[in-house]
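Novice: Test case, fold it:
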Amino acid sequence: MKQWVVRFLIVVAGVLWFGAALADHCQDCAGVQVEDPKMHARSVKSYWANKGEPPDSTVLRKGLEQAHMALCGEPEQWEWNMFAGMFASEIGMFKEAGCYYATALKNATNPKDKEKVANNAGHYWVDSYNQAQTLLREKAHEQSIVQASNAIALIPDSCKAYAVKGVALGELGRHEEAVATFKAARELCPEDPRLQTNLFNSLYGQGKTLYDQGIKSKEKDKTALTGAIKWYEEALQIVPDDANALYEIGTAEYQLVLEGDSTRSESARKHLSQFLAKAPNGEDSVAALYPLVRLESSAGHTDKANEYADLILALDPKDAGSYSMKANVLTQAGDAAKTQPYVVIYSAMAKGKPVDNWDAHFAAAKYDAGSDIGQVVKKNGNPEEARTYDSGGGKMDALFYWTKGEGYAFYSGKQLGVVSFRPQTKK
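Specialist: Residues are numbered from 1 along each chain as shown. Next comes the predicted model:
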């Protein structure tokens, strides 16, 4: 009876190898019959030793096949997994190779064995990573992505390979994929500032792509603008004071307000005002101030709208739109008297014509020396620029003393007001 039990156990063990193979962790063992794993393992080393230089792909595939069969019998054997990884690396099966190396590292108990596995994996990783970098420098971005992906497959916790892949994706405009790549890298290396910068650039790039699409379409693309806002919001969590992102998210929100989405008003004001504090020059400031004036006016914040309108005028007094904007704000505030000089100057600039000969214009309009316009000219001298507009009921004249920072508005020779702005330098 005892002898029968022992024989039964031996038979069962044989069935485990021959009839129902164990699982190779990296390739399917279904249908594989393994009688002696060690026999296959011995041939693995033979195939590796005789692979040739350059390696013969047929020999490499046969070597991997033998390693796979050995591992279907004993899937935890570290050295067989390492050889399987080496064969797989040589024939470009990098996903499987990475799996084999990881399994080998997990099961190797001796530090020297672990080092051996790591060195073999590292050899192929360095080759793929270096190729990815070279191809990136050569602007062969698609190929660089392939090589970086191979490096990641071999050593999945390689932040450097993720970084190269993400940059290449960004160069191709595939910002959404780049974002996912850099997020994965940051999880592995959260303290690396370069990855933070790269992630910001990818988030911003995807936002910019959608922003341009939404802004440039004849009828503003609300879906694209909404998508842009989402990406910009995430980018600003990384770099909260980036001027470009602040301006573009604010502008996208403002466009949606114009399309009827009043829920965006507050965030548009917030982002554009933040940008205004960082605007690098007057032109950029004015670009943010126009929507800010309209947003504050719509919200009933007359004082703030007036403040922004004055800033526009100070920064860009030679643009007719500056005076129109100020007139609109004052009109909304119900201040008709203060509105008049801005309406006159706007009309003279936008609809009128330049006065080439001041003396001839003065005489033709029959302005006498005692008139308001005559007194101003007597006090300040001939204007540096003058424009006139015949409204049908009377002449609108705008006299500019740019270097003094003064503009005078007249209707039929009567002064309606003086506008002050930043003195302009002579060109």
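Novice: Toward the C-terminus, what is the element adjacent to the helix of greatest length in the chain?
Specialist: Counting residues, the longest helix in the chain under DSSP state H turns out to be helix 111-137. Per DSSP states H and E, the first helix or strand lying C-terminal to helix 111-137 is helix 141-154.
Novice: Point out where this protein drops to low pLDDT.
Specialist: Applying pLDDT under 70 to the chain flags the ranges 1-22, 427.
Novice: Go ahead and confirm residue 344 touches residue 395.
Specialist: No. Applying Cβ atoms under 8 Å, one finds residue 344 not in contact with residue 395, separated by 9.9 Å. (Each C-beta comes from the backbone N, C-alpha and C, glycine too.)
Novice: Looking at these two, which has the bigger crowd around it?
Specialist: The residue with more neighbours, out of residue 344 and residue 395, is residue 344; 27 against 20, by other Cβ atoms under 10 Å.
Novice: now the residue nearest to that one when sequence neighbours are not counted, which residues is it bridged with?
Specialist: Spatial nearest neighbour of residue 344, chain neighbours left out: residue 409 (3.9 Å); criterion: Cβ to Cβ, 6 or more residues apart in numbering. Per DSSP bridges, the residues bridged to residue 409 are residue 398, residue 417.
Novice: and residue 191, helix, strand or coil?
Specialist: coil (DSSP: H, G, I helix; E, B strand; the rest coil).
Novice: In terms of residue numbering, what are the domains of the protein?
Specialist: For the chain, automatic domain parsing gives the domain ranges 2-108, 357-420.
Novice: how about these in JSON lines, adding distance to residue 124?
Specialist: JSON lines is the format used below for the domains of the chain (distance: least, Cβ to Cβ, whole Å):
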{"stretch": "domain 2-108", "distance to residue 124": "4"}
{"stretch": "domain 357-420", "distance to residue 124": "70"}
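Novice: who does the longest helix of the chain touch, helix- and strand-wise?
Specialist: The elements that helix 111-137 packs onto, with contact taken as 3 or more Cβ pairs under 8 Å, 6 or more residues apart in numbering; DSSP states H and E, are helix 78-90, helix 94-107, helix 141-154, helix 159-171.
Novice: Tell me what angle it forms with helix 159-171.
Specialist: With axes from the mean of the first three to the mean of the last three Cα atoms, to 10 degrees defining the directions, helix 111-137 sits at 20 degrees from helix 159-171.
Novice: ok now helix 111-137, how far from the chain's centre?
Specialist: 31 Å (Cα atoms, centre = their mean, to the nearest Å).
Novice: do stretch 306-316 as well
Specialist: How far stretch 306-316 lies from its chain's middle: 31 Å, per Cα atoms, centre = their mean.
Novice: With stretch 132-145 instead?
Specialist: Here stretch 132-145 is found 21 Å from its chain centre; the criterion is Cα atoms, centre = their mean.
Novice: Over to stretch 324-341?
Specialist: For stretch 324-341 - counting by Cα atoms, centre = their mean - the centre lies 40 Å from the chain centre.
Novice: Also stretch 406-416?
Specialist: Counting by Cα atoms, centre = their mean, stretch 406-416 comes out at 50 Å from the chain centroid.
Novice: what's the answer for stretch 205-225, then?
Specialist: Distance of stretch 205-225 from the chain centroid (Cα atoms, centre = their mean) equals 13 Å.
Novice: who's in contact with it?
Specialist: 170, 173, 175-176, 178-179, 227-232, 235, 244-245, 248-249, 251-252, 255-256, 258-259, 261 (Cβ atoms under 8 Å, 6 or more residues apart in numbering).
Novice: who's in contact with residue 314?
Specialist: Per Cβ under 8 Å, 6+ apart, neighbours of residue 314: 421, 422.
Novice: er, residue 365 I mean
Specialist: Residue 365 neighbours (Cβ under 8 Å, 6+ apart): 388, 395, 397, 413.
Novice: So which of those wins on neighbours?
Specialist: residue 397 (29 neighbours).
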